[in-house]
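> Output the structure for:
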Amino acid sequence: MGTVEKVRCGWSIKDQLYKDYHDNEWGVPNHDDQHLFEMLCLEGAQAGLSWYTVLTKRENYRKAFDNWDAKKIAKYDEKKIEKLLQNEGIIRNRLKVNSVVSNAKAFLAVQKEFGSFDKYIWSFVNHKPVIHHHKSMKEVPAKTAISDAMSKDLLKRGFKFVGSTICYAYMQATGMVDDHVADCWRRVSEL
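Residues are numbered from 1 along each chain as shown. Down below sits the predicted model:
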């Protein structure tokens, strides 16, 4: 007898990498500052590309960017950036690489002001996940009023590659928003 495959959101069935991400991270609330910083930078790296491309390079990013240590990244100089731009394991776009450095600086400023990035970023959803009840992925928006407000505030604070659509994807990735569809096992298990 074979095992029965779990029903998942349609976007996640491409391969095991996507399935693992869907099953273990997407829509799961996360409050770890380092992880929140990593996901913000990775969502920015995705701009104009597929999330799958970024996921396949995720471990390379962790190695290249000092395991997302914002204090180290904030000190990167031009020599380090040039070295990163030669790293074939990451997306070698100068604006995106530079954005990680500027985002690290902005991230540290937010931590200092709010005590943690978690307290700041989760305030956009009143510190609890927004759970949607979509029947299909066609109903899932690309952005919302909340992602618009988040984007505007992040940009004001000096973050880069944080448009509203990126912010909404970030909210999904960190569990601030749960958009698992009605027949997905992640949704079914929560009823």
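> and the nearest residue to Pro29 once chain neighbours are set aside, how many residues sit next to it?
Nearest residue to Pro29, sequence neighbours excluded (CB to CB, 6 or more residues apart in numbering): Gly175, at 3.5 Å. Bear in mind the C-beta positions are built from the backbone N, C-alpha and C, glycine included. Other residues lying near Gly175 total 19 when counted by other CB atoms under 10 Å.
> Quickly find the element holding Gly175.
Gly175 is part of no helix or strand, with elements assigned from DSSP states H and E.
> tell me the contacts of it?
Going by CB atoms under 8 Å, 6 or more residues apart in numbering, Gly175 touches Gly27, Val28, Pro29, Asn30, Pro129.
> contacting residues for the spatially closest residue to Arg186 that is not a sequence neighbour?
Using CB to CB, 6+ apart and skipping the chain neighbours, the partner closest in space to Arg186 is His180 (4.3 Å). Listed by CB under 8 Å, 6+ apart, the contact partners of His180 are Cys9, Trp26, Gly27, Arg186, Arg187.
> Going by neighbour count, which of the contacts of Gly175 are buried?
In these, burial by neighbour count holds for Gly27, Asn30, Pro129, counting by 16 or more other CB atoms under 10 Å.
> possible to save those residues as JSON lines with secondary structure?
Listed next are the buried ones among the contacts of Gly175 as JSON lines, based on DSSP: H, G, I helix; E, B strand; the rest coil:
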{"residue": "Gly27", "secondary structure": "coil"}
{"residue": "Asn30", "secondary structure": "coil"}
{"residue": "Pro129", "secondary structure": "coil"}
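> got the contact list for the residue nearest in space to the middle of the chain?
For the chain, Met39 is the residue whose C-alpha lies nearest the centre (CA atoms, centre = their mean; 3.2 Å). Residues in contact with Met39 (CB under 8 Å, 6+ apart) are Asn30, Tyr170, Ala173, Thr174.
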